[in-house]
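# for reference, the sequence and a predicted model appear below.
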Amino acid sequence: MSDTRSSEEIRADIEHTREELADTAAELAQRADVKARAHDKVEETKAKVSHKVDEAKARPQRLGLAAAVAGGVMVGLVVLRRRR
């Protein structure tokens, strides 16, 4: 098995392999950092809960607005009927 690549091509190949190895090692280190992953999960859960709370807070306002509009329409109808 003869290698007809130039020394520059071999060096470039070695450098590429080193970069891939460094990326792989960094990813493995990140996956092994249980404390950081747990912290990320906590932050993700907080964001979800906060979003749900905001949704729940928005619903009563919509319901109140709808009730106020419906009440206004009812008052308007009563007033119109009495004027006739």
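Structure received.

# pLDDT averaged over the longest helix anywhere in the chain, what's the number?
Criterion DSSP state H: the longest helix present in the chain is helix 34-83. Summarised as a single mean, pLDDT over helix 34-83 is 86.

# chain center to that helix: distance?
With CA atoms, centre = their mean, to the nearest Å as the basis, helix 34-83 stands 21 Å off its chain's centre.

# and for stretch 8-27?
33 Å.

# same question, stretch 77-84
The mean C-alpha position of stretch 77-84 is separated from the chain mean by 52 Å, CA atoms, centre = their mean.

# how about that stretch as CSV, C-alpha atoms only?
Taking Å, rounded to 0.1, in the frame of the first residue of the first chain, the C-alpha atoms of stretch 77-84 are listed here in CSV:
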residue,chain,number,x,y,z
LEU,A,77,-80.3,46.0,24.8
VAL,A,78,-82.2,46.8,28.0
VAL,A,79,-81.8,50.5,27.5
LEU,A,80,-83.0,50.2,23.8
ARG,A,81,-86.0,48.2,24.8
ARG,A,82,-87.1,50.7,27.4
ARG,A,83,-86.9,53.6,25.0
ARG,A,84,-89.2,51.9,22.5
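
# could you shift the numbering so residue one becomes 716, and keep it that way?
Fine by me, first position is 716 from now on; the one you just mentioned is stretch 792-799.

# quick check: buried residues in that stretch?
Judged by neighbour count (16 or more other CB atoms under 10 Å), stretch 792-799 contains no buried residues. All C-beta spots, glycine's among them, are computed from the backbone N, C-alpha and C.

# and Val790, what does it touch?
Listed by CB atoms under 8 Å, 6 or more residues apart in numbering, the contact set of Val790 is empty.
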